[in-house]
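# I'll drop the sequence and a predicted model, then ask my questions.
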Amino acid sequence: MSASLTTIIKRKLNSAFYVALRLVNYIPYYTYLHGRGEKINLTEEYELTFTPEEKVFLKSCAASYNYFDPDYALGHRQKELSLYKLKNVTYLSNTGVIKLDDKLIVESGLSVDRITRCKAFRDFTVMLPLRYSTGIYTTIQHSHWADNNISLWFIDSLPRAYILANTVKEPVTLLMWSGAPDYQKHTLEYLLKDYSQIKIKYIPKHYKIQIANFYLPSFVTSSFSGYLPPQVTKWLREGIWNSYSIIRSNPKHRIYVSRSKARFRRVTNEADFIPLLEQYHFKVVWPEELNYKQQVQLFYDAEAIISPHGAGLTNLLFAEQSKVVELHPSKIMKGRYMLLSKGLDFDYTPIIGSKGDSIEDFSIPLDVLESWLQENYPTP
């Protein structure tokens, strides 16, 4: 049997399986929070402004998705940071989202798009019933489709703890997946250590829990955006630097984050420009070879960071102050880390490479990189 025919058969079987799951209400329909429960606003919404260069880049990102991405060049609204007090919800521990009146609440999964891409909703999981009739519960977790994804943890999930820490006064239990990686448990526990009203309860991801009283913190980010308000990043950065006992007296360095050991989105002409980077005192690093404390220290000490697009750029959060160059394949361009850099007030430059192949491997124009190096560091 050919590979293409096998793929077609698998897709048809998967499609039939999803229909069957919908018929037995395993995959719920969705609704929104508007008009439900009590809403407490911690901050008000506001609009971001962009430079002409930022607008051009964000429009290019949107165009590379055929405008599937929100076109932030037309305006980016930072929504208010809010806490919703809800009654009688169903918490799904395989995803960290909730149902209300038997419909999935979109805001508990960030967006409809994130929900539809969540692997946990596409793979059948036995869900065991539980009931929490007393006490108040909450969560910051979203999606086991990214169990060990640092971007979704540090940019999408963990910032929600800021809302809890600054709104909740009464005792509340935060539900967290027991199989979470150590760095997730470490950072969550440290950031909340001084908030005695919030207790963390680790649970498996096979429970459907009926909860009488539930607090839902909003997502700080918007879909496809890495922008975080300055007060949130300050709270996160200081807490995480302190949690890992980061040394703040090290000399600064310049780093190139290589993806040569990754499975996709590698820069095919990397070997051609590494000697050039070395002339400008950049060193090549592979963050996946470091433990998380070493990664945070590495980025804290970086005064300049050059990297292909990838989740490793989440570590920009931990740079004290840095220039950022992000390398993109032209076929698929994403503004997530440009927007993260904007919230951090970092100098950000995108370099657009070739279209990229089937696994997004691509090359970059060496003359553009060299021009940036000469402009920013005239004497290598």
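The structure has been received and is ready for your questions.
# quick one: buried residues of stretch 366-373?
By neighbour count on 16 or more other Cβ atoms under 10 Å, the buried set for stretch 366-373 is 369, 372-373. All C-beta spots, glycine's among them, are computed from the backbone N, C-alpha and C.
# pLDDT below threshold where in this structure?
1-28, 119-124, 142-146 (pLDDT under 70).
# quick one: contacts for S354?
Remark: with contacts taken as Cβ atoms under 8 Å, 6 or more residues apart in numbering, S354 is in contact with 329-330, 362-364.
# Now which of these would you call buried?
Members of the contacts of S354 classed as buried by 16+ other Cβ under 10 Å are 329, 362-364.
# So what's the residue count around the nearest residue to A262 once chain neighbours are set aside?
Leaving out its chain neighbours, the residue that sits closest to A262 by Cβ to Cβ, 6 or more residues apart in numbering is G310, at 7.1 Å. Neighbourhood size, G310 [other Cβ atoms under 10 Å]: 20.
# Numbering from 269 from now on, please.
Yep, numbering from 269; the last one is G578 now.
# Strands along the stretch 469-618 of the chain, start to end?
Counting by DSSP state E, counting those that start in this stretch, the stretch 469-618 of the chain has strands at residues 475-485, 521-525, 550-553, 570-576, 591-596, 615-620.
# Switch those strands over to CSV; also include distance to Q499 and mean neighbour count.
Below are those laid out as CSV (distance: least, Cβ to Cβ, whole Å; neighbours: other Cβ atoms under 10 Å):
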stretch, distance to Q499, mean neighbour count
strand 475-485, 15, 21
strand 521-525, 28, 20
strand 550-553, 30, 18
strand 570-576, 23, 23
strand 591-596, 21, 23
strand 615-620, 21, 18
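# In a markdown table, list the ones you listed along with distance to P497.
Converted to a markdown table, those look like this (distance: least, Cβ to Cβ, whole Å):
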| stretch | distance to P497 |
| --- | --- |
| strand 475-485 | 14 |
| strand 521-525 | 26 |
| strand 550-553 | 29 |
| strand 570-576 | 22 |
| strand 591-596 | 19 |
| strand 615-620 | 17 |
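# of the ones you listed, which approaches R533 most closely?
strand 570-576 (5.8 Å; Cβ to Cβ).
# what pairs with that closest one, and is each one parallel or antiparallel?
strand 521-525 (parallel), strand 591-596 (parallel) (DSSP bridges).
# isn't Y298 right up against V374?
Yes - taking Cβ atoms under 8 Å as the definition, Y298 is a contact partner of V374 at 5.2 Å.
# what is in contact with these two at once?
Common neighbours of Y298 and V374, counting by Cβ under 8 Å, 6+ apart, are 380, 383.
# ok, the residue nearest to A530 touching R527?
Yes - if you go by Cβ under 8 Å, G578 and R527 touch, sitting 5.8 Å apart.
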